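>>> one predicted model, sequence on top.
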Amino acid sequence: MTRWFFRTLAAACLPALAACAVGPDYQVPPPPAVTRYTETELPAQTASPGTSAGQPQRLVAGLDLQAEWWTMFHSEKLNGLVAEAIKNNPNVAAAQASLRAAREIVIAQRAAFFPSITGGLSATHNQDSQVLAPTLASNALHYDLYAAHVGVSFTPDIFGLNSRAVESLDAQASIQRWQLEATYLTLVSNVVVAAITEASLRDQIADAEDIVRMETRVRDMTARAAALGQLSRVDVAAQDTALAQAQATLPPLRKQLAQARDQLTALLGRLPPDAPREQLVLDDLHLPADVPLSVPSSLVDRRPDVRAAEAALHAASAQIGVSIASALPQITLTATEGSAATQLAQWFGPGGGFWSVGGEVAGTLLDAGASWHKVSAARRTYEQMTALYRAAVVSAFQNVADSLGALTSDADALNTAVAAQHAAALTLSLVQQQQRLGQVSQLAALNAEQAYQQTTINVVQARASRLSDTVALYQALGGGWWNRPAQADAALLGEDRGR
């Protein structure tokens, strides 16, 4: 390889050092200037009915959310379900593959910063036309030709076309990174909510079955009293209706339980026949007492969906530069060196070498305004991404506000449900005392017991709502990914965490 070849290669790379990227330089949007999530000040803690899953929850401003937030429910069964879902759920695997593919595309685009080197070998057997000048200096019409060449081609990034393209692709890879994080957070949240729902439905079914048993006893007692002439057939029909109504509550609950079970099984990456053996009840889950409440200004930096929207905004900003640079002239430098001979023994011998050096400047002279409209379209796309980013921010704050409101309201609902349960329990106790004294019938006692069981179902539903509200708040606050251990982060993302 001759000296000029290396000089040409070096000269081709030098213009890239002075490249200037056209188009706007991206600026991260500032966070909203708010100091709270809700319209009014939040109470220091929620109501406390003093029952299981009814302890007060304290909203601790500035308390950070741990990465494995589901462990705060103190359930080994739940922890096992979440770990299996993270490992086996196909949606996470698909998001991971999408992120890896996006990173590979970025690396491929960065290769355009360097010269492209090609090479070739050829061997041909030829016959020249007798009426045309022969190809060889020997005037031979039949000959073999062996040739080898190496070529260098380079397009300096004078106006930053490739720089902006890499910037855009890198931002698109960031979108995939945050979509992976959102998939992970959604998966974990869905697993926890599905487990809470299943546990709640099991408790509700148990209470509903107790009500059906009591209604059956009441119906049998009513029928016997009617046979003795103490009650009418209307009373029996009324009790038949009450029993049928109680029985009618069971099929929907069992259907919901089966569906919740199927959903949990699917989240674990299993098929329905391979449902997990773990069967939670509400007493397996403990309501976290201290609930973290991050500073509002940090929410946009921690919500995966907002970060994905910001990355899309960044990609759109870079595309403006791409469209501008594409309309400007492009310089291409080329250099080729090789050797040719009619015999293999003379290949690379004296006199067979050839070379060429060249350059080209090419640009669009007239395209009926197409380039201008492409730039304009890129700017309009940036405006669209700006609006979508604002929408993502608004939605994020709404999610947190909704979750905080639900924590307070559902704590009050549980407080009311427990008060009703206590009143029903007191009524049942008094009726049972009167029954032992012969002052009321067994039928009255059974009716009081039925009322108590119904209030128990209401308490179960309210307890489950508080647990689910806590999950919703953890999810709305971003899920604590920023506190994930480095090893776990590398396993999920395939590289060290970074913006």
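Right, received. Where do you want to start?
>>> give me the number of neighbouring residues for residue 473.
24 (other C-beta atoms under 10 Å). Using the backbone N, CA and C atoms, a C-beta is placed for each residue, glycine as well.
>>> likewise residue 485?
Applying other C-beta under 10 Å, we find 10 residues neighbouring residue 485.
>>> do you know how far it is from residue 78?
Using C-beta to C-beta, to the nearest Å, one gets 20 Å for the distance from residue 485 to residue 78.
>>> could you pull up phi and psi at residue 339?
Note on residue 339: backbone dihedrals following degrees, to the nearest 10 are phi -150, psi 150.
>>> please name the bridge partners of it.
residue 148, residue 353 (DSSP bridges).
>>> please shift the residue numbers so they start at 111 in all later answers.
From this message on, residue numbering opens at 111, which makes the last subject residue 449.
>>> now the helices for the stretch 461-609 of the chain?
Under the criterion DSSP state H, counting those that start in this stretch, the stretch 461-609 of the chain contains helices at 480-546, 552-586, 596-603.
>>> now the ones you listed in CSV, with distance to residue 153 and mean pLDDT?
Below are the helices of the stretch 461-609 of the chain laid out as CSV (distance: least, C-beta to C-beta, whole Å; pLDDT from 0 to 100):
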stretch, distance to residue 153, mean pLDDT
helix 480-546, 7, 90
helix 552-586, 15, 86
helix 596-603, 35, 85
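>>> for these, which one ends up most surrounded?
Across those, the average number of neighbours (mean count of other C-beta atoms under 10 Å) peaks for helix 552-586, which reaches a mean of 21.
>>> check which helices and strands that helix sits against.
If you count contacts as 3 or more C-beta pairs under 8 Å, 6 or more residues apart in numbering; DSSP states H and E, helix 552-586 packs onto helix 271-337, helix 480-546.
>>> hey, what's the angle from it to helix 271-337? Just curious.
180 degrees (axes from the mean of the first three to the mean of the last three C-alpha atoms, to 10 degrees).
>>> measure how helix 552-586 sits relative to helix 480-546, angle-wise.
150 degrees.
>>> what's near enough to touch residue 522?
Counting by C-beta atoms under 8 Å, 6 or more residues apart in numbering, residue 522 makes contact with 156, 157.
>>> against residue 454, how distant is it?
For residue 522, the distance to residue 454 - C-beta to C-beta - is 94 Å.
>>> cool, and residue 353?
Computed as C-beta to C-beta, the residue 353 to residue 454 distance reads 102 Å.
>>> what about the two, which has more around it?
Between residue 353 and residue 454, counted using other C-beta under 10 Å, residue 353 has the larger neighbour count: 20 against 10.
>>> what helix or strand is residue 445 located in?
strand 440-451 (DSSP states H and E).
>>> residue 215 contacts residue 279, correct?
Yes: counting by C-beta atoms under 8 Å, residue 279 is a contact partner of residue 215 at 5.6 Å.
>>> more neighbours: those two, which one.
Shown here are residue 215 and residue 279; by other C-beta under 10 Å, residue 279 has more neighbours (20 against 14).
>>> could I get the pLDDT score of that one?
pLDDT for residue 279: 96.
>>> the spatially closest residue to it that is not a sequence neighbour: neighbour count?
Distances taken as C-beta to C-beta, 6 or more residues apart in numbering put residue 216 closest to residue 279, at 4.7 Å, once the chain neighbours are dropped. By the criterion of other C-beta under 10 Å, residue 216 has 18 neighbours.
>>> likewise for the one 3 residues further on?
One way to gauge burial is a neighbour count; for residue 219, by other C-beta under 10 Å, it gives 16.
>>> contact partners for the closest residue to residue 274 other than its chain neighbours?
Of all residues not flanking residue 274 in the chain, residue 431 sits nearest, at 3.4 Å (C-beta to C-beta, 6+ apart). Contacts for residue 431 (C-beta under 8 Å, 6+ apart) come out as 131, 132, 133, 134, 270, 271, 273, 274, 277.
>>> which one of those residues is nearest to residue 498?
Residue 498 lies nearest to residue 134 out of these, by C-beta to C-beta, at 17.8 Å.
>>> wait, the closest one touches residue 430, no?
Yes: Residue 134 is within contact range of residue 430, at 6.0 Å (criterion: C-beta under 8 Å).
>>> and these two? Which one has more around it.
Remark: of residue 134 and residue 430, residue 430 carries more neighbours, 23 against 14, as counted by other C-beta under 10 Å.
>>> nothing else from me, thank you.
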